[in-house]
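> Just to be clear, the model below is a prediction. Sequence and coordinates:
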Amino acid sequence: MSIAQTRNLTFIDTVISRSRVSDVALVLAGVVLVALSAQVELYVPPVPVPFTLQTLAVLLIGATYGAARGAITLSAYALVGLIGFPVFTNGGSGLEVLFGATGGFIIGFIFAAALIGKLAELKWSSNILKMIASYVLSSIVIYSIGIAVLAMVAYSSDLQKAFTVMIPFLAWDAVKAIIAGALLPSAWALVKAVKK
């Protein structure tokens, strides 16, 4: 039996046959994708949290894989980084990152992937507006956990200061939501056209 649920097919289930081997391969590919996206940084005023493509990768993985595989993939990503592989931003790894200022965002990725994956299993990923909405909801999960930890670690538990620091990220995440909102529904449409 595979990690994916048999009743709620996600996009990847229409492309790849489900098996333990495919599940493991998808998890490994997802970890690599998130690790690579963590290394793509854009300039941002000096704050403890960098602009990367991670959230886009995380939410596309969740929406493509489904709740279980998405959460397992992001848990594996956190674990691989924790044990010392340089998968976090700037090639970071270890306890100091996972329990540092940005660690809450990494933990938030797990819950966000599960949420967007569940919504994808309910067919939200085949509709542009629902996909954007699921991206926004999942981003709220990432921000909620990330900002809470950022406040505790970097700003003496000042939530308002931590939130203020994150405001520039909102516009960037809105762009990523639009990209994600267009990508997966377009992929669904392509697969349906090919299978006709």
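It's in.
> which is the next helix or strand following the helix or strand hosting residue 55?
Assigned by DSSP states H and E, residue 55 falls within helix 54-65. Using DSSP H and E, the helix or strand that directly follows helix 54-65 along the chain is helix 67-82.
> And that following helix, what does it pack against?
Counting contacts by 3 or more CB pairs under 8 Å, 6 or more residues apart in numbering; DSSP states H and E, helix 67-82 packs against helix 20-38, helix 54-65, helix 95-98, helix 103-121. In short, each C-beta sits where N, CA and C put it, glycine included.
> Confidence-wise, which of those is weakest overall?
The stretch with the lowest mean pLDDT among these is helix 54-65, which comes in at a mean of 91.
> Next, the contact list for the nearest residue to residue 40 once chain neighbours are set aside, please.
Among residues not flanking residue 40 along the chain, residue 53 sits closest, at 4.6 Å (CB to CB, 6 or more residues apart in numbering). Each residue near residue 53 by CB atoms under 8 Å, 6 or more residues apart in numbering is listed here: 37, 38, 40, 176.
> Around the last one, how many other residues sit close by?
I take that to be residue 176. Residue 176 has 20 neighbours, counted by other CB atoms under 10 Å.
> Quick one: residues contacting it.
Residue 176 makes contact with 53, 55, 56, 59, 135, according to CB under 8 Å, 6+ apart.
> Now do residue 184: how many residues are near it, please.
One way to gauge burial is a neighbour count; for residue 184, by other CB under 10 Å, it gives 26.
> Could you double-check that it lies in contact with residue 64?
Yes. At 6.7 Å, residue 184 and residue 64 qualify as touching, with contact defined as CB atoms under 8 Å.
> shared neighbours, those two?
Among the neighbours of residue 184, those also in contact with residue 64 (CB under 8 Å, 6+ apart) are 11, 120, 125.
> Now the second one. Nearest residue, chain neighbours left out?
Leaving aside its sequence neighbours, residue 120 sits nearest to residue 63 (CB to CB, 6+ apart; 4.4 Å).
> who's in contact with that neighbour?
With contacts defined as CB under 8 Å, 6+ apart, the neighbours of residue 63 are 10-11, 70, 116-117, 119-120, 124-125, 131, 134-135, 180, 184.
> can we see that at 10 Å?
With CB atoms under 10 Å, 6 or more residues apart in numbering as the criterion, the residues that contact residue 63 are 10-12, 70, 113, 115-121, 124-125, 131, 134-135, 138, 180, 183-185.
> Please convert the buried members of those into ChimeraX selection syntax.
Those of the contacts of residue 63 that count as buried under 16 or more other CB atoms under 10 Å are selected in ChimeraX with:
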select :10,11,12,70,113,115,116,117,118,119,120,121,124,125,131,134,135,138,180,183,184,185
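> ok, back up a step: columns distance to residue 29 on top of the contacts of residue 53, output as TSV?
Conversion of the contacts of residue 53 to TSV gives the following (distance: CB to CB, whole Å):
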residue	distance to residue 29
37	12
38	15
40	17
176	20
